[in-house]
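S.K.: okay, here's the prediction I keep looking at, along with the sequence it came from:
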Amino acid sequence: MSTYLVFGRSDYAEPLRQLGTLEAPDHADARERFGMDVIELSLLPEPEVVWVIHEAAAE
């Protein structure tokens, strides 16, 4: 199972925004779960992200 950060936008004039995360064996489910109202959808495999500044959520 892989975890992806999901980014998208509904208009090219808008910046990409994080829509959520996807936990799936591959990226095939992303369009079904997040692609309804977007014109662009991008996935970043979570282990590949290089965080420059990242505050962990309070537990």
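M.R.: Good, I have the coordinates.
S.K.: burial measure for residue 49, as a count.
M.R.: For residue 49, the neighbour count with other Cβ atoms under 10 Å is 11. All C-beta spots, glycine's among them, are computed from the backbone N, C-alpha and C.
S.K.: over to residue 8?
M.R.: Residue 8, neighbours per other Cβ under 10 Å, totals 21.
S.K.: so it, which of the three states?
M.R.: strand (DSSP: H, G, I helix; E, B strand; the rest coil).
S.K.: can you tell me which residues contact the residue nearest to residue 6 when sequence neighbours are not counted?
M.R.: When the adjacent residues along the chain are set aside, residue 6 lies closest to residue 19, with 4.7 Å between them (Cβ to Cβ, 6 or more residues apart in numbering). By Cβ atoms under 8 Å, 6 or more residues apart in numbering, the residues touching residue 19 are 6, 7, 8, 34, 38.
S.K.: what's the lowest-pLDDT member of the residues you listed?
M.R.: Lowest pLDDT among the contacts of residue 19: residue 34, with 90.
S.K.: now residue 13: how far from residue 43?
M.R.: 22 Å (Cβ to Cβ, to the nearest Å).
S.K.: for the worst-scoring helix or strand of the chain on mean pLDDT, what is the distance to the chain centroid?
M.R.: Sorted by mean pLDDT, DSSP states H and E, the helices and strands of the chain end with helix 30-34, the least confident at a mean of 89. Centroid separation between helix 30-34 and its chain, computed with Cα atoms, centre = their mean, to the nearest Å, is 10 Å.
S.K.: now do stretch 29-46
M.R.: The answer for stretch 29-46 is 7 Å, by Cα atoms, centre = their mean.
S.K.: show residues contacting it.
M.R.: Here stretch 29-46 has contacts from 2-12, 16, 19-22, 24, 27, using Cβ under 8 Å, 6+ apart.
S.K.: let's see it at 6 Å
M.R.: The contact list for stretch 29-46 (Cβ atoms under 6 Å, 6 or more residues apart in numbering) reads 3, 4, 5, 6, 7, 8, 9, 10, 19, 22, 27.
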